[in-house]
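# Turn this into a structure:
(2 chains)
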Amino acid sequence: MVKSNGTRSGKVYFGMLFLLGIAPLLFQWTNQPFLLDLLSRGLIIGIAALSLNLILGYGGMISLGHVAYLGIGAYCVGIPAYYDVYDGWIHLSLAIVTCALFALITGAVSLRTKGVYFIMITMAFSQMIYFIFLSLEEYGADDGLVIYARSEFPLWMNMEGAVSLYYWIFGLLILTLFFIHRLVRSRFGRVIIGSKYNDLRMQSLGFNTYGYRLTCYVISAVICGLAGVLLGNFTSFISPEMMSWTRSGELIFMVIIGGAGSLFGPLFGALSFLFLEEALSLITIYWHLIFGGLLIALVLFGRGGIDAWLSKLDK
Amino acid sequence: MKQTMRADSVLSIKSLCKKFGGIKATDDVSLSVSRGGIHAIIGPNGAGKTTLIAQLSGQIRPDSGDIEFDGRSILRAGMAQRARAGLARSFQITSVFLEMTILENVMLAVQGAQGHSYRFWAPTHKDQDLSDMAMDHLTTVGLHHRSGRIVSGISHGEQRQLEVAMALATQPQLLLLDEPMAGMGKEETFRMIEILSLVGAEKTILMVEHDMDAVFSLADQLSVLVNGRVIATDSVAQIRSNPEVQKSYLGGSCA
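Just a heads-up that it's a prediction; the model follows:
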């Protein structure tokens, strides 16, 4: 790991982050508010994919219920807003605490299982959340919930306009990337990666891997929940549909085509996924067909995902 | 073949039993491993050697009996707990992290012996202590000059050496080695014998092994396992001349 990263200069990555950083200016200059919208959405989903990658790519825990945390995060904006509570700090803390608790409880159960069983049980838990929100008449049930105003923060960091919200998203993205970069190289990260490859061996080395994996699961859920807070603010309309398990499936796709277990890959995956979806749907109404074919081709022939191709450029 | 339970035994196994369906994989095994030196368990295929090792390391639970390590029963402890208590295991099927470098493998093992790893920020590759300790163990097994290699690209023999280095890195009192010579050529076996005799001078080793030359040149004590039962435990010379052992296992060829 140390080796393979050492040969990369990181130019491609820093170049891309720079472009993302100045994107709002470019879009304003060229008068393309729609593109800013699309990119904002892409980055939020990108953060969610990065958080999934932490457990899936680095930890080998294939969760088919990760969007539950995206949804919980969004409802942590929506439900307080419904009671006219717009304080952003409350939204953020609520999302962190709720996601951590839910991940701790469901993770404690799910991580007793392995492989297919883990996939099924994470999916079952997320479906539980989905149906709970579906049955909450007070909060709109399947009609969803409209959020009339964005979370309130001190003036210098407010998220009122499209551009300031974008920079919130961009900021969380940078934090997430930096955090994961440090985490996977730390002692904790090495244990997580080791237990992906050979959990039994890790135990024989004295690691109680269950505790490490559970901690990782909770961290990943909290990051995803934070992305959810931004998603709630971004869409201003939230519904249980955003927590359906098929969405979790899409998230897995993004991680895989971007490059599971690479730092930036899932971000590339999410952006390409959403842009392709958008672009193809402009061309033809049968875009699903082409899109599906492309995804299959990417998985079949794109070993290591987009990140692997980019790293060839980045020597 | 009464085995006296010596006071300085590091591991004592008492009437251990394990059944898989109708097969008694471990049939009333009692064994004492004294501190220091190398104790080898030999026996034909299917005698239950790996099953015994797996029960000692905590991978599978026995049906009855007891295992005392360092004077205390460890029956209730899980694998990780036993490893931290000083019981290291290497695997019959090479079980190293193929995707990592040699050094990273041993660093993980060192980490395992150093208390908890809930440290989320400092990168391990800049941790000089961690890599120094790992390098020490690699020097012991003679892999220090190969430390940067990705494990999937090194030879089988080197992977087996790495296994030993990793077991050593967990700071064990007792090393459980499950067929350390498995699948090795003559040259590699010879190297491994050298390494193990070096290690055996400082640590207690309990090993399961097929290679008789290796066993006879390394072991101080020998136990013979046949059909899940220990039929003899004695010094190497005594075992070689034991008629019962010759009949049921050595088959006269080693007489």
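# For chain A, give me the ranges with low pLDDT.
Within chain A, the segments meeting pLDDT under 70 span A:1-9, A:314-315.
# pull the longest helix from it.
helix A:209-235 (DSSP state H).
# Just list what the helix or strand following that helix packs against, helices and strands only.
Once helix A:209-235 ends, the next helix or strand along the chain (criterion: DSSP states H and E) is strand A:237-238. For strand A:237-238, the packing partners by 3 or more Cβ pairs under 8 Å, 6 or more residues apart in numbering or on different chains; DSSP states H and E come out as helix A:67-82, strand A:145-146. C-beta: built from backbone N, CA, C; applies to glycine.
# Quick check: buried residues in the helix or strand that the last one is followed by?
Looking back up the chat, that one is strand A:145-146. Per DSSP H and E, the first helix or strand lying C-terminal to strand A:145-146 is helix A:162-185. Across helix A:162-185, burial judged by 16 or more other Cβ atoms under 10 Å in any protein chain shown covers A:163-166, A:168-170, A:172-173, A:176-177, A:179-180, A:183-185.
# tell me, which of those make contact with chain B?
With the criterion set as Cβ under 8 Å from any Cβ of the partner chain, the members of these near chain B are A:183, A:185.
# Just give me how far the lowest-mean-pLDDT helix or strand in chain B sits from the chain centre.
Across the helices and strands of chain B, the lowest-confidence element by mean pLDDT, DSSP states H and E is helix B:243-245, at a mean of 79. Computed by Cα atoms, centre = their mean, to the nearest Å, the separation of helix B:243-245 from the middle of its chain amounts to 26 Å.
# still on that earlier bit, can the longest helix of chain A be said to contact chain B?
Yes - contact of helix A:209-235 with chain B (Cβ under 8 Å from any Cβ) involves A:209, A:212, A:215.
# go on, stretch A:44-58?
No - for stretch A:44-58, no contact with chain B is found by Cβ under 8 Å from any Cβ; the gap never falls below 11.8 Å.
# for residue A:207, what are its contacts?
Applying Cβ atoms under 8 Å, 6 or more residues apart in numbering or on different chains to residue A:207 gives the contacts A:191, A:194, A:195, B:80, B:112, B:117.
# and the second one, helix, strand or coil?
It stands for residue A:194. The three-state assignment at residue A:194 reads helix, by DSSP: H, G, I helix; E, B strand; the rest coil.
# so it makes contact with residue B:95?
No - here residue A:194 does not reach residue B:95: they are 11.6 Å apart, not a contact under Cβ atoms under 8 Å.
# Just say which of the helices and strands packed on strand A:237-238 is most tucked in.
helix A:67-82 (a mean of 27; mean count of other Cβ atoms under 10 Å in any protein chain shown).
# ok, residues contacting the helix or strand following it?
Per DSSP H and E, the first helix or strand lying C-terminal to helix A:67-82 is helix A:88-110. If you take Cβ under 8 Å, 6+ apart as the criterion, helix A:88-110 is touched by A:63, A:65, A:68-69, A:72-73, A:76-77, A:80, A:118, A:121-122, A:125, A:129, A:151-153, A:159, A:213-214, A:217-218, A:220-222, A:224-226, A:228-229, A:232.
# List only buried entries from those.
In terms of neighbour count (16+ other Cβ under 10 Å), the buried residues within the contacts of helix A:88-110 are A:63, A:65, A:68-69, A:72-73, A:76-77, A:80, A:118, A:121-122, A:125, A:129, A:151-153, A:159, A:213-214, A:217-218, A:220-222, A:224-226, A:228-229, A:232.
# Remind me which helix or strand the residue most central in space within chain A belongs to.
Taking Cα atoms, centre = their mean, the centroid of chain A lies closest to residue A:48, which sits 0.6 Å from it. Following DSSP H and E, one finds residue A:48 within helix A:33-53.
# Output that helix as CSV, restricted to C-alpha atoms.
Presented in CSV, the C-alpha positions along helix A:33-53 are these (Å, rounded to 0.1, in the frame of the first residue of the first chain):
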residue,chain,number,x,y,z
PRO,A,33,-27.0,27.0,-12.8
PHE,A,34,-28.2,23.6,-13.7
LEU,A,35,-24.7,22.2,-13.8
LEU,A,36,-24.0,23.5,-10.3
ASP,A,37,-27.1,21.7,-9.2
LEU,A,38,-26.0,18.5,-10.8
LEU,A,39,-22.5,18.8,-9.3
SER,A,40,-23.8,19.6,-5.8
ARG,A,41,-25.9,16.5,-6.0
GLY,A,42,-23.0,14.5,-7.4
LEU,A,43,-20.7,15.5,-4.6
ILE,A,44,-23.3,14.7,-1.8
ILE,A,45,-23.8,11.2,-3.3
GLY,A,46,-20.0,11.1,-3.7
ILE,A,47,-19.5,11.6,0.0
ALA,A,48,-22.0,8.9,0.7
ALA,A,49,-20.1,6.6,-1.6
LEU,A,50,-16.8,7.5,0.1
SER,A,51,-18.4,6.5,3.4
LEU,A,52,-19.6,3.2,2.0
ASN,A,53,-16.2,2.6,0.6
